[in-house]
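Trainee: Curious how this folds, go ahead:
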Amino acid sequence: MPRKNLLLSVRPQHARRIFAGTKTVELRRRRPRIHAGDTVWVYASSPQKALLGTFQVADVISGAPAALWERVGAFAAVTREAFDAYYEGATHGCAIVIDHVRALGQALPLAHLRDRVPGFQPPQSYRYLDDVEAWLVGETRERRGAE
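Mentor: Numbers count the residues shown, from 1 in each chain. A predicted model of the protein is given here:
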């Protein structure tokens, strides 16, 4: 099965926790079509507006919010109150289990991404990167790491 590249918008405080290693699952109300081994590109949303790095998907766990909390709540780096507020009204949710986190040497601001990938638009939640976009973003990452 070909590997997918998912561009995931994450609030800056949660993105910081992912790269600090204190948040090892990313919670979502809707399950993206991803599997173990796929790459997630982490884009910190407003006010930061920058690509911060990647992680590999170790697993995707789906279930009712109460069951999800029991399985992954300790790894989500959120309070139970914040978890419940996020899933309010939802019958299902998912947790993307994070593995092999790789921070960029320097965050890539939105303006830089748009210079490299014309028309680049970060998603509200997530979107899949096609092969060309993933290559261009990866090329940008490799070039910046070498500077």
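
Trainee: Give me the below-cutoff pLDDT ranges for the protein.
Mentor: Applying pLDDT under 70 to the chain flags the ranges 1-2, 132, 135-147.

Trainee: the helices in it, which residues?
Mentor: Chain-ordered helices for the chain, with DSSP state H as the definition, fall at 12-20, 65-72, 80-86, 110-116, 131-146.

Trainee: What is the distance between the first one and the centre of its chain?
Mentor: Remark: helix 12-20 is offset 10 Å from the chain centroid, using CA atoms, centre = their mean, to the nearest Å.

Trainee: packing partners for it?
Mentor: With contacts defined as 3 or more CB pairs under 8 Å, 6 or more residues apart in numbering; DSSP states H and E, helix 12-20 has these neighbours: strand 39-44, strand 50-63, strand 93-109. Glycine gets a C-beta too; all of them are placed from N, C-alpha and C.

Trainee: wait, which of these is closest to residue 70?
Mentor: Go through these one by one with CB to CB and the one that ends up closest to residue 70 is strand 50-63, at 8.9 Å.

Trainee: Kindly export the closest one (C-alpha atoms) in CSV.
Mentor: Once side chains and other backbone atoms are set aside, the C-alpha atoms of strand 50-63 remain, and they are given as CSV (Å, rounded to 0.1, in the frame of the first residue of the first chain):
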residue,chain,number,x,y,z
ALA,A,50,4.3,27.6,10.3
LEU,A,51,5.3,24.0,9.4
LEU,A,52,7.1,22.5,12.4
GLY,A,53,8.1,19.0,11.4
THR,A,54,6.8,15.5,10.9
PHE,A,55,5.9,12.3,12.7
GLN,A,56,5.1,8.8,11.6
VAL,A,57,1.8,7.2,12.4
ALA,A,58,2.2,4.3,14.7
ASP,A,59,-1.5,3.5,14.9
VAL,A,60,-5.0,5.0,14.6
ILE,A,61,-7.4,4.2,17.4
SER,A,62,-11.1,4.9,16.9
GLY,A,63,-14.0,4.7,19.3
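
Trainee: All good on my end, thank you.
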